[in-house]
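J.: Here's a sequence, model it:
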Amino acid sequence: MRFATPLIIVLITIETMDIMFATDSVPAVLAVTLNPLIVYSSSIFAVLGLRALFFALAGLFYSFRYLSTGVCIVLVFVGVKMLLSDVFKIPTLISLGTVLLILAGSIILSGQYSTEKGTVD
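T.: Here you go, the predicted structure:
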């Protein structure tokens with residue numbers, strides 16, 4: 001008697017990927033706030049929708065030449081902020097503003113690059 005079909009392997013794989021994506025977002029949330037409610041709820045929402053959002057935006061990633069550089073700079077900022085959290089506290093609004101400014105700047109620079117070259121990357 002069989003209790004599960006071979007599709008259980010697919011389900012386990014998909015759910016494992018959801019958990020991996022959610023775990024990946026925890027340091028970013030902790031860089032913004034230490035409020036437990038926000039950390040837990042954002043992790044839950046990450047499990048529910050981050051994988052779908054990633055695949056929806058994956059196609060756009062190649063359209064923006066400097067987006068990967070912007071994401072790298074954001075990760076460096078988050079890491080430095082976490083390392084300095086005992087010495088110096090960066091306010092939440094400044095952190096969010098910095099992240100938004102870096103990402104918006106990388107997208108705008110990518111758009112200017114593609115219009116200067118006359119092609120869309």
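
J.: Who's the closest spatial neighbour of the residue nearest the centre of the chain, skipping the chain neighbours?
T.: What sits nearest the mean C-alpha location of the chain, by Cα atoms, centre = their mean, is Ser25, with 6.2 Å. For Ser25, ignoring the flanking residues on the chain, the nearest one in space by Cβ to Cβ, 6 or more residues apart in numbering is Ala46 at 4.6 Å. Every C-beta, even on glycine, is put in place using the N, C-alpha and C of the backbone.

J.: so where do the helices sit in the chain?
T.: 7-32, 36-61, 67-83, 92-117 (DSSP state H).

J.: which of the ones you listed has the lowest average pLDDT?
T.: Ranked by mean pLDDT, the helices of the chain bottom out at helix 36-61, which scores a mean of 73.

J.: quick one: buried residues of stretch 104-113?
T.: For stretch 104-113, the neighbour count (16 or more other Cβ atoms under 10 Å) marks 106-107, 109-111 as buried.

J.: on that earlier part again, give me the neighbour count for the residue nearest to Ser25.
T.: Using other Cβ atoms under 10 Å, Ala46 has 21 neighbouring residues.

J.: just Phe88 next, same as before
T.: Neighbours of Phe88 using other Cβ under 10 Å come to 8.

J.: per-residue confidence for it?
T.: 87.

J.: From Phe77, how far off is it?
T.: 13 Å (Cβ to Cβ, to the nearest Å).
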